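Colleague: Predicted model, plus sequence, below.
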Amino acid sequence: MSRVMSLAEAVQSTIKDGDTVAMEGFTHLIPHAAGHEIIRQGKKHLTLLRMTPDLIYDQMIGMGCADKLIFSWGGNPGVGSLHRLRDAVEKGWPNKLEIVEHSHAAMANAYAAGAAGLPFTVFRGYIGTDLPKVNPAIKFIDCPYTGERLATVPAHRPDVAVIHALRADKEGNVLLEGILGVQKEAVLAAKKSIVTVEEIVDDFGPRNLNAVIIPSWALGAIAVVPGGAFPSYAQGYYKRFNAFYKQWDGIARERDTFLAWMKENVLNKTPEDFARHVEGLRTAAE
């Protein structure tokens, strides 16, 4: 497959400063390795899209990659705040971060509209909520058929979508199984995409009932990065590493401890180091 390349090459050739980048994965298959490579390459002035920004966006924001965040929930799942996100919003460190907040439903529908080539999405939502007061992109229309009051938001059309998947086959198709978010919709809505996978196989074999196969014609760069979703999990490959989510709260709370960790574990690593990096984190936390 000509689209298979190293992660470093994929990021360098696909993402440029100022791009709108969507990195999706819902608890499962979060593209951490790709986020680390974006940080290493010093990408700047990004607009980041994500339904649930958690640790990887905390790292990217703390390293000054982003000027804007469009999201529907942000936090360290099961632990608390994202301290680097808070520092950027509240104190402008390392640079001021603009935030645009939506509901989960709005984000999912906006990706679906982008995937369909539509300029905006229409859905039931936001009636009686306060989000329209802080997000002027949320507007309302009356259904021309029923008169029902409905919400609208602009479609998401990111420059680049980045996801982690389980496997790619020899033809360049990609398989996702287990808990799914909006990875498929994000890829179809984006102008370009990067997919990291655990491995390339001859055939996907038996599949779960909820399996999603994204066809090769819809994809851009594919990079083989075992462990690329860690510390989130990849079904059938490794479990969610809950201890690190707890550990991150202490690491990210202060700027100095955050920068020291990033230097040791991200800036001084390469994509090829990621599997060893994963093992190192497991050992350190245990």
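Modeller: Arrived safely, thanks for sending.
Colleague: so which strand or helix has residue 166?
Modeller: Residue 166 belongs to strand 160-169 when assigned by DSSP states H and E.
Colleague: That strand packs against which elements?
Modeller: On a contact count with 3 or more C-beta pairs under 8 Å, 6 or more residues apart in numbering; DSSP states H and E, strand 160-169 meets strand 20-23, helix 32-40, strand 174-176, helix 183-189, strand 192-201. Glycine gets a C-beta too; all of them are placed from N, C-alpha and C.
Colleague: gap between it and the chain center?
Modeller: Centroid separation between strand 160-169 and its chain, computed with C-alpha atoms, centre = their mean, to the nearest Å, is 11 Å.
Colleague: So the protein: which segments form each domain?
Modeller: The record's domain parsing of the chain by automatic domain parsing lists 7-102+157-285, 120-154.
Colleague: related to what we said a few turns ago, now do the strand holding residue 166 and helix 32-40, the angle between them.
Modeller: 140 degrees (axes from the mean of the first three to the mean of the last three C-alpha atoms, to 10 degrees).
Colleague: Dump the C-alpha coordinates for strand 160-169 into PDB.
Modeller: Taking C-alpha atoms only, strand 160-169 is exported to PDB below (Å, rounded to 0.1, in the frame of the first residue of the first chain):
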ATOM      1  CA  VAL A 160      -7.200  16.600   9.000                       C
ATOM      2  CA  ALA A 161      -8.800  13.700  11.000                       C
ATOM      3  CA  VAL A 162      -6.500  11.500  13.100                       C
ATOM      4  CA  ILE A 163      -7.700   8.200  14.500                       C
ATOM      5  CA  HIS A 164      -6.200   5.000  15.900                       C
ATOM      6  CA  ALA A 165      -7.700   1.700  14.600                       C
ATOM      7  CA  LEU A 166      -7.100  -2.000  15.300                       C
ATOM      8  CA  ARG A 167      -6.000  -3.300  11.900                       C
ATOM      9  CA  ALA A 168      -5.500  -2.400   8.300                       C
ATOM     10  CA  ASP A 169      -5.600  -4.900   5.500                       C
END
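Colleague: List the neighbouring strands of it plus their orientation.
Modeller: According to DSSP bridges, strand 160-169 forms sheet pairs with strand 20-23 (parallel), strand 174-176 (antiparallel), strand 192-201 (parallel).
Colleague: could these be laid out in CSV, adding mean pLDDT, mean neighbour count and distance to residue 37?
Modeller: Shown next, in CSV, are these (pLDDT from 0 to 100; neighbours: other C-beta atoms under 10 Å; distance: least, C-beta to C-beta, whole Å):
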stretch, mean pLDDT, mean neighbour count, distance to residue 37
strand 20-23, 98, 25, 11
strand 174-176, 97, 25, 18
strand 192-201, 97, 22, 9
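Colleague: which regions of this structure lie under the pLDDT threshold?
Modeller: Scanning the chain for pLDDT under 70 picks out 1-2, 277-286.
Colleague: can you pull the contacts of the residue nearest to residue 221 when sequence neighbours are not counted?
Modeller: Distance criterion C-beta to C-beta, 6 or more residues apart in numbering; nearest residue to residue 221, sequence neighbours excluded, is residue 10 at 3.7 Å. The contact partners of residue 10, by C-beta atoms under 8 Å, 6 or more residues apart in numbering, come to 34, 194, 220, 221, 222, 223.
Colleague: if you set the cut-off to 10 Å instead, what comes out?
Modeller: Each residue near residue 10 by C-beta atoms under 10 Å, 6 or more residues apart in numbering is listed here: 3-4, 34, 37, 160, 162, 192-196, 220-223, 225, 271.
Colleague: Would it be right to say that it lies in a helix?
Modeller: Yes: counting by DSSP: H, G, I helix; E, B strand; the rest coil, residue 10 is found in a helix.
Colleague: separation between it and residue 182?
Modeller: 21 Å (C-beta to C-beta, to the nearest Å).
Colleague: before we move on, what about residue 153?
Modeller: Distance of residue 153 to residue 182, given as C-beta to C-beta: 14 Å.
Colleague: more crowded one of those two?
Modeller: Between residue 153 and residue 182, counting by other C-beta atoms under 10 Å, residue 182 is the more crowded of the two (27 against 24).
Colleague: looking at it, that one is touching residue 105, isn't it?
Modeller: No: using C-beta atoms under 10 Å, residue 182 is not in contact with residue 105; the gap is 11.2 Å.
Colleague: Buried only: go through the contacts of residue 10 for me.
Modeller: Neighbour counting by 16 or more other C-beta atoms under 10 Å classes 4, 34, 37, 160, 162, 192-196, 220-223, 225, 271 among those as buried.
Colleague: Quick check: of those residues, which lies closest to residue 74?
Modeller: Distance ranking of the buried ones among the contacts of residue 10 against residue 74, using C-beta to C-beta, places residue 162 first at 17.6 Å.
Colleague: Since that was my last question, I'll sign off now.
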